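# coords please:
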Amino acid sequence: LKFWIYTGKAPDSRYRRMYVEAVEGMKEHIWSFNTPSGLHYIAEWKSGRNDAKFDELACFTGGMLALGAYHGAGYTDEMNAEHLSMAESLGETCYQMFVSQKAGVSPEYVRFTDAGMQTGVDFYILRPETVETMMYLWRITKKQKWRDKGWTLYENIVKATKVEQGGVGYAPVLSVSHNPRQDPKGVMHSFFLAETLKYLYLLFSDDSVIPLDKFVFNTEAHP
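A predicted model of the protein is given here:
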């Protein structure tokens, strides 16, 4: 998608075709809905079947789908509208992955069962993908709820990760669902500055700050 945008958005570009085929394939095979939680997610495909596991890392997909709809990557208005709706559904799921935890921050992944959304590996290492999607959804839909949700995530992240004693910075969190505590051996990865905080900054900045119609962010959020 981003290379299609970066190279001028040619209508017959193979990069556009590859993006649309990938999204439509995802929708057909691994796009899933969990009735007890009321949440959509992207399952993992393992050994010929869907595994109802969804990583926080995959939360970038909401932003990707929103960006694709914004630039008209879909072949029809209806397709772009559907992709944007999927983006918003994932935005809500990823938000719930944070706020449903005792620590207020997301585990590495969740599983979806007959009991709803269940915590998987329950540590948080300052990942940015959810706030990335909040930023795209706000800028593209202008629905205030995405800024509001982003502000809640910001407050949760600061509260759970800011080092108050014995050092300076922000630390990963262990046991986000049961007994939250900062990891004494954890490190503040560079992506916390390069991505997590940058996307939060852009979420609350004017659209003229690195506008989406003039810049493309790479995987590490560099314009």
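# Sketch out the helices for this protein, chain order is fine.
2-6, 14-29, 60-70, 77-99, 129-141, 144-161, 190-191, 198-203 (DSSP state H).
# Check which residues of the longest one are buried.
Looking back up the chat, that one is helix 77-99. Neighbour counts over helix 77-99 (16 or more other CB atoms under 10 Å) mark 79-80, 82-84, 86-98 as buried. In short, each C-beta sits where N, CA and C put it, glycine included.
# For the residue in the chain sticking out farthest from the centre, give its distance to residue 184.
Computed with CA atoms, centre = their mean, the maximum C-alpha offset from the centroid of the chain is found at residue 166, amounting to 31.5 Å. Using CB to CB, to the nearest Å, one gets 9 Å for the distance from residue 166 to residue 184.
# cool, and residue 20?
47 Å.
# Which one's more surrounded, those two?
residue 20 (18 against 10; other CB atoms under 10 Å).
# was I right about the more buried one contacting residue 76?
No: between residue 20 and residue 76 there is no contact under CB atoms under 8 Å: 10.4 Å.
# Without its sequence neighbours, what residue ends up closest to residue 113?
Once flanking residues are discounted, residue 113 sits nearest to residue 52: 6.9 Å by CB to CB, 6 or more residues apart in numbering.
# let me redo that: residue 91
residue 62 (4.6 Å).
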